[in-house]
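Participant: Predicted model follows, preceded by the sequence.
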Amino acid sequence: MLSIVGIRKTFNPGSVNERLALAGLSLHLQAGDVVTVIGGNGAGKSTLLNMVAGVHPVDEGRIIIENQAVEHLPEHIRASYIGRVFQDPMMGTAASMTIEENLAMAVRRGSTRKLRRGIRSKDRQYFCEQLELLGLGLEDRLTTRVGLLSGGQRQALTLLMATLVPPKLLLLDEHTAALDPSTAQKVLELTEKMIKKHKLTTLMVTHNMEDALRIGNRTIMMHEGRIIFDLKGEQRKNTRIPDLLEMFKKASGRSMANDRMLLAN
Ligand SMILES: Nc1ncnc2c1ncn2[C@@H]1O[C@H](COP(=O)(O)OP(=O)(O)OP(=O)(O)O)[C@@H](O)[C@H]1O
């Protein structure tokens, strides 16, 4: 489903700010794989997602989605089949537009149909049904501007928009990190529900090691632009947080002290 082969990315090459973010990373996902991505600060997790989404061009390597090489395709083309939810609830939705206008945009993602002028009552009914699934009462606020919603409501809406037309690939970049714990929990439950409902192939970056081991079927840990371990099956089932820390130490030669990953657990 997704094959990432030997991708390299260096930011600001040749300058004092040169940063090697991805060091020839390879990763293969089967359809329906839900892979959590963990790693210390600056390990390259966001860069990995950004490269798949086409935010930055790769220096080297290939990215193949359903047998199609996409590494040279611009971000807006990839956006038609990649759903994304970012850490910042202000991204992913248009603040000045209403809930129904945002949803109408999301429905048209990837469609060759021209933008219709109005939103039909049939569309409204569908939006209401979908919003009800969030359990946040947003179905009664279709004409509310998104800028007036709370961070959690906005993030739940972004998640709905990212999955309304089921994407080939869902990319979640610490999408609950900026929310208060109970809202984060709720958005995470919704995430799991959406992934299950649409059987979405997913890459989810998280700093929460407990979530990383609980959600999905595979966990990769990154360090200095590489994958230092890849847990699945029985091995993953039997792995606990202290084991992760020990594995990190062994693979990276340093302890995880001071990283946000520790603070989140
Ligand atoms: N747009 C950019 N311009 C310059 N350097 C960048 C850019 N994006 C990332 N980097 C650098 O690339 C490296 C990897 O960063 P990245 O954000 O991918 O790490 P991360 O694992 O997501 O970290 P964190 O958990 O702290 O968010 C870091 O050294 C970072 O400073």
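Facilitator: Done, it's in. Numbering: from 1, shown residues only.
Participant: Tell me the pLDDT of V55.
Facilitator: V55 is assigned 94 on the pLDDT scale.
Participant: where does the stretch 151-265 of the chain dip in pLDDT?
Facilitator: 257-265 (pLDDT under 70).
Participant: Please enumerate the helices of it.
Facilitator: Taking DSSP state H, counting those that start in this stretch as the test, the helices found in the stretch 151-265 of the chain are 151-164, 181-198, 209-214, 233-237, 241-252, 260-263.
Participant: Pick the most buried one from the ones you listed.
Facilitator: helix 151-164 (a mean of 23; mean count of other CB atoms under 10 Å). The way it works is simple: take the backbone N, C-alpha and C, and place the C-beta from them, glycine included.
Participant: contacts for that one?
Facilitator: Residues from elsewhere that reach helix 151-164, judged by CB atoms under 8 Å, 6 or more residues apart in numbering: 83-86, 89-93, 99, 102-103, 105-107, 109, 130-131, 133-134, 136, 138, 146, 149, 170, 175-176, 178-180, 183-184, 186-187, 190-191, 194, 198, 200.
Participant: And the buried ones among the residues you listed, selectable in ChimeraX?
Facilitator: To isolate the buried subset of the contacts of helix 151-164 in ChimeraX, counting by 16 or more other CB atoms under 10 Å, use the following:
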select :83,84,85,86,89,92,93,99,102,103,106,107,109,130,131,134,136,138,146,149,170,175,176,178,179,183,184,186,187,190,191,194,198,200
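Participant: Can you sort out which of the contacts of helix 151-164 also neighbour the ligand?
Facilitator: The subset of the contacts of helix 151-164 within reach of the ligand, by CB under 6 Å from any ligand atom, is empty.
Participant: Go through the contacts of helix 151-164 and flag which are in strands.
Facilitator: Among the contacts of helix 151-164, DSSP state E puts G83, R84, V85, L170 in strands.
Participant: how many other residues sit next to the spatially closest residue to the second one that is not a sequence neighbour?
Facilitator: Here the nearest residue to R84 in space, its sequence neighbours aside, is L171; by CB to CB, 6 or more residues apart in numbering that works out to 4.7 Å. L171 has 23 neighbours, counted by other CB atoms under 10 Å.
Participant: cool, H28 as well?
Facilitator: As a measure of burial, H28 has 12 neighbours, counting by other CB under 10 Å.
Participant: what sits against E18?
Facilitator: T10, F11, N12 are the contacts of E18 under CB under 8 Å, 6+ apart.
Participant: Which of the residues you listed fall in strands?
Facilitator: Reading strands off the contacts of E18 with DSSP E, I get T10, F11.
Participant: Same list, the contacts of E18, but as JSON lines with neighbour count and distance to H76 please.
Facilitator: Shown next, in JSON lines, are the contacts of E18 (neighbours: other CB atoms under 10 Å; distance: CB to CB, whole Å):
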{"residue": "T10", "neighbour count": "15", "distance to H76": "25"}
{"residue": "F11", "neighbour count": "14", "distance to H76": "22"}
{"residue": "N12", "neighbour count": "9", "distance to H76": "25"}
